[in-house]
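Trainee: Okay, sequence plus prediction incoming.
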Amino acid sequence: MFEIKDDFLAAGQLLETALSAVPGIRHVKALDDLAEIDKTNHTPSLFYLYYGEQLAETAHAGANTQLKQTWLVILAERKASKAAGKNIAATIRAIAGKMTGDAGPWQRVNTPIKPRYTSGHAFYPLAFTCQMRMRGNR
């Protein structure tokens, strides 16, 4: 199980490494705000961002916390692209059930947002969780 040490968002870098290996993707980038996705120039692109966590019921007296972090991965494609379905499938295959470094296995979960379409682009969201542990001060 992945242990969070100094960086609560460390799993993001491991996720980026896995996303960078998806065939045919031109650009992979972390997002701090979903509004940034509209500024994409290179497609197909994968964007990822931290979406939150779910704490386990047991807290081990506060010394150890088990949690699941949820990360969104968004595929940006030109609206006219015929490869969107193939790129979605390749992205799922690259992440779902896989270990990325010490993190994982990543599980695909229901996506909390719907696809979005602009005049020139389509944005397809996917969501993945990863179980982790964080030790408190003793």
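Mentor: Sure thing, it's come through.

Trainee: How far off centre is the least confident helix or strand in the chain by mean pLDDT?
Mentor: Among the helical and strand segments of the chain, the one scoring lowest on mean pLDDT, DSSP states H and E is strand 2-4, with a mean of 87. What separates the centre of strand 2-4 from the centre of its chain is 16 Å, taken as C-alpha atoms, centre = their mean, to the nearest Å.

Trainee: So which elements touch that strand?
Mentor: Packed against strand 2-4 by the contact rule (3 or more C-beta pairs under 8 Å, 6 or more residues apart in numbering; DSSP states H and E) you find strand 121-135. Just so you know, the C-beta spots here come from the backbone N, C-alpha and C atoms, and that holds for glycine as well.

Trainee: which neighbours does the strand it packs on have in its sheet, and in what orientation?
Mentor: Each strand pairing with strand 121-135, determined using DSSP bridges, is listed with its direction: strand 2-4 (parallel), strand 64-78 (antiparallel), strand 107-109 (antiparallel), strand 116-117 (antiparallel).

Trainee: Please point out which parts of the least confident helix or strand of the chain sit buried.
Mentor: Applying a neighbour-count criterion of 16 or more other C-beta atoms under 10 Å, one finds 2, 4 buried in strand 2-4.

Trainee: The very next helix or strand once past it: which residues count as buried?
Mentor: For strand 2-4, the following helix or strand on the C-terminal side (DSSP states H and E) is helix 11-20. By neighbour count, with 16+ other C-beta under 10 Å as the criterion, the buried positions of helix 11-20 are 11-12, 14-16, 18-19.

Trainee: Can you check what angle separates helix 11-20 from strand 121-135?
Mentor: Compare the direction of helix 11-20 with that of strand 121-135 by axes from the mean of the first three to the mean of the last three C-alpha atoms, to 10 degrees and you get 140 degrees.
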